[in-house]
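K.L.:
generate a structure from the sequence data that follows.
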Amino acid sequence: MDDTDRWRDMASAPRDGSRILVTIRPSEQGPAEVDLAYWSNGDQFGAESWRASDSSPGHIIEYAEPELKCWMPMPSANLNRASMPSPWEGDDDQELYGSGI
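P.N.:
Predicted coordinates:
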């Protein structure tokens with residue numbers, strides 16, 4: 001398996017504005033899903049936060065830290081992959097990457 005094809009703890013997600021895939025936790029609004037997001041340092045349109053990549057001025061989609069379960073880098077172009085990866089479905093207390101020690 002390619003190293004980019006695995007979910008990682010959000011604490012290690014890049015906060016440099018690069019786009020990444022994130023698993024949004026399931027909630028009363030629906031099941032877990034995957035979205036394309038980036039970290040924003042904040043601007044006149046919104047506060048410092050994770051934003052959905054399809055956000056636009058006047059329609060910012062922000063994610064609070066607790067809403068996001070894990071992340072993975074953007075996969076390279078692969079003509080055999082027709083869709084996004086499945087959301088992380090492991091337990092919250094299950095390790096995503098390393099021991100955390």
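K.L.:
what helices or strands is the strand ranked longest in the chain leaning on?
P.N.:
If you go by DSSP state E, the chain has its longest strand at strand 33-40. Counting contacts by 3 or more CB pairs under 8 Å, 6 or more residues apart in numbering; DSSP states H and E, strand 33-40 is packed against strand 20-24, strand 49-52. C-beta here means a position set from N, CA and C on the backbone, and glycine is covered the same way.
K.L.:
go through these and pick out the most buried.
P.N.:
Of all these, strand 20-24 has the most neighbours on average by mean count of other CB atoms under 10 Å, namely a mean of 22.
K.L.:
tell me what that one is packed against?
P.N.:
strand 33-40, strand 68-73.
K.L.:
spatially central residue in this structure, please.
P.N.:
The chain has Val22 as the residue nearest its centroid, 1.6 Å off, counting by CA atoms, centre = their mean.
K.L.:
adding mean pLDDT and distance to Met10, write the helices and strands packed on strand 33-40 out as JSON lines.
P.N.:
Putting those into JSON lines (pLDDT from 0 to 100; distance: least, CB to CB, whole Å) gives the following:
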{"stretch": "strand 20-24", "mean pLDDT": "95", "distance to Met10": "8"}
{"stretch": "strand 49-52", "mean pLDDT": "92", "distance to Met10": "9"}
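K.L.:
show me where this protein dips below the pLDDT cut-off.
P.N.:
1-4, 45, 77-84, 92-101 (pLDDT under 70).
K.L.:
any chance of CSV for the helices and strands packed on strand 33-40, columns distance to Ser76?
P.N.:
As requested, these are exported to CSV (distance: least, CB to CB, whole Å):
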stretch, distance to Ser76
strand 20-24, 13
strand 49-52, 22
